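1. With the sequence up front, the predicted model follows.
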Amino acid sequence: MLQASTGEEVKWACINYKYLEKKKNYKNSGHVVLTQCKIEKVHTFLDYIMGGLQIFFTVAIDFTASNGDPRSEHSLHFINPKEPNEYLKTLSSVGEICQDYDSDKRFPAFGFGARVPPDFEVSHDFAINFEPENPECERIAGVIEAYKRCLPQIQLYGPTNVAPIINKVAAPAAEEEKTGLPTKYRVLLILTDGVVSDMPEACDAVVRASRLPLSIIIVGIGNADFSDMRELNGDRGMLESDEGRAVRDIVQFVPLREFKKAQPL
C-alpha cells in the first residue's frame, strides 16, 4: 500500500492483514522506502527494424592453428575441389540468408588468430581481403572468394580471441548510439572451431554490446568443446561479467555438427 510521499521518496507500508484484523492498534509492520528509480527501455530486434534501421552484416572467421594445416585434407580449412569445407558451407548457408536482409549486399569480412603479411604478426581483426580501409566484399560470393585467396597468404596461429572483433563491430554502433539517431542494426557472424581464449574479455564485450543495435551469431565448426560458446549464448540465464548484466540476449550459438545430418525442409 502506498502510504506517503516526501520529496522524491516514495514510501510503502508493509501490512500484515491477519494482524490488521486481530489487533486494534496495529497499523503496519514497517515501511519500504524507494529513494531512487531508473527505468530503462530494453529494445528488441523488431523494435530497431520497425524504427527504420538498416541491417548490416559482418563476417569473422577463425584462423587459429587448431583448425589444422590448410594444406592437409584433415584441416577444417582444407580447400577440397570436390566438396566445400565446413567454413565454406556455413558461409553459403547462413550468409545467403542474411544477405537478403542486408541493405547494400556488401559485407565486411575479417579473420582472427592468424599471422598476417607483411610482418606476420598475430591479428585478431584483420580484413581477409587485406584492405583494412575497405574490408567489404561484394555479396557472400565475394566473401568466399576473399577467404580462398586469404588462406595461402597467412599462417594459422592463435589464440582464439573473439573480444577484439566484437569490439570492432560494436564501436561504430556505440558512436551512432551516442547521437540518439542510430540508423543501422549490425549482425556479426563468427565462425570458430574451438574454445575461447579470452573468455572474460569476450563476456565484457557481449555485455557492453547488449545495449547496442547489434546481434551475434556464433557457428561452431568441427568437434571441439563449445561450452564457452554456450555460456556466451546465455543458456544459464542472462550473461553477467565485470561490466554488469546484459540487458538483452544478443548471442545465438549454433554447433554445426548437430545440423550436418538434418534433412532439408
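-> Yep, it's here. A quick note: this is a predicted structure, and the numbers were derived from the prediction, not measured.
2. can you give me the mean pLDDT across stretch 121-137?
-> Average pLDDT, stretch 121-137: 96.
3. any idea how the protein splits into domains?
-> Following automatic domain parsing, the chain resolves into domains at 2-34, 45-258.
4. ok, residue 73 touching residue 81?
-> No: checked against CB atoms under 8 Å, the pair residue 73 and residue 81 is beyond contact range at 11.3 Å. Quick note: C-beta positions are derived from backbone N, CA and C, even for glycine.
5. quick revisit: quick one: which of the domains of the chain has the weakest pLDDT on average?
-> Among those, domain 2-34 has the lowest mean pLDDT, at a mean of 76.
6. could you pull out the helices for the stretch 1-150 of the chain?
-> Listed in chain order, the helices of the stretch 1-150 of the chain (DSSP state H, counting those that start in this stretch) span 17-22, 45-50, 86-98, 139-150.
7. can I get the ones you listed in CSV with distance to residue 124 and mean neighbour count?
-> Shown next, in CSV, are those (distance: least, CB to CB, whole Å; neighbours: other CB atoms under 10 Å):
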stretch, distance to residue 124, mean neighbour count
helix 17-22, 60, 10
helix 45-50, 27, 13
helix 86-98, 17, 18
helix 139-150, 15, 19
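8. Please name whichever of these is nearest to residue 185.
-> Closest approach to residue 185 among the helices of the stretch 1-150 of the chain (CB to CB): helix 45-50, 4.8 Å.
9. rewinding a little: comparing the domains of the chain, which comes out most buried?
-> Comparing these by mean neighbour count (mean count of other CB atoms under 10 Å), domain 45-258 ranks first with a mean of 18.
10. tell me the secondary structure for the one residue sitting closest to the centre of the chain?
-> Note on the chain: the residue nearest the mean C-alpha position is residue 216, at 2.8 Å, using CA atoms, centre = their mean. Assigned by DSSP: H, G, I helix; E, B strand; the rest coil, the conformation of residue 216 is strand.
11. Tell me which stretches of the stretch 151-265 of the chain form helices.
-> Under DSSP H, counting those that start in this stretch, the stretch 151-265 of the chain gives helices at 163-179, 199-209, 227-232.
12. Can you lay out those as a markdown table showing distance to residue 19?
-> As requested, those are exported to a markdown table (distance: least, CB to CB, whole Å):
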| stretch | distance to residue 19 |
| --- | --- |
| helix 163-179 | 50 |
| helix 199-209 | 44 |
| helix 227-232 | 47 |
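13. wait, which of those is closest to residue 187?
-> Smallest distance to residue 187 across the helices of the stretch 151-265 of the chain (CB to CB): 9.0 Å, for helix 163-179.
14. For that closest one, name the packing helices and strands.
-> strand 106-112, strand 184-192, helix 199-209, strand 214-220 (3 or more CB pairs under 8 Å, 6 or more residues apart in numbering; DSSP states H and E).
15. Can you name the residues in contact with that helix?
-> Defining contact as CB atoms under 8 Å, 6 or more residues apart in numbering, one finds that helix 163-179 is touched by 58, 60, 110, 112, 124-125, 182-184, 186, 188, 190, 198, 201-202, 204-206, 208-209, 211-214, 216.
16. now do stretch 36-50
-> Taking CB under 8 Å, 6+ apart as the rule, stretch 36-50 contacts 10, 55, 182, 185, 213, 215, 247-248.
17. Report the two of those separated the most.
-> Across the contacts of stretch 36-50 (CB to CB), the longest gap, 41.6 Å, separates 10 and 55.
18. ok, back up a step: looking at the helices of the stretch 1-150 of the chain, spot the one closest to residue 35.
-> Closest to residue 35 of these is helix 17-22 (CB to CB; 26.4 Å).
19. could I get that closest one in PDB with only the CA atoms?
-> Provided in PDB are the C-alpha atoms of helix 17-22 (Å, rounded to 0.1, in the frame of the first residue of the first chain):
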ATOM      1  CA  TYR A  17      -3.600  -8.200   7.000                       C
ATOM      2  CA  LYS A  18      -4.000 -11.000   9.600                       C
ATOM      3  CA  TYR A  19      -2.600  -8.700  12.300                       C
ATOM      4  CA  LEU A  20      -4.800  -5.900  11.000                       C
ATOM      5  CA  GLU A  21      -7.900  -8.000  11.600                       C
ATOM      6  CA  LYS A  22      -6.900  -9.200  15.000                       C
END
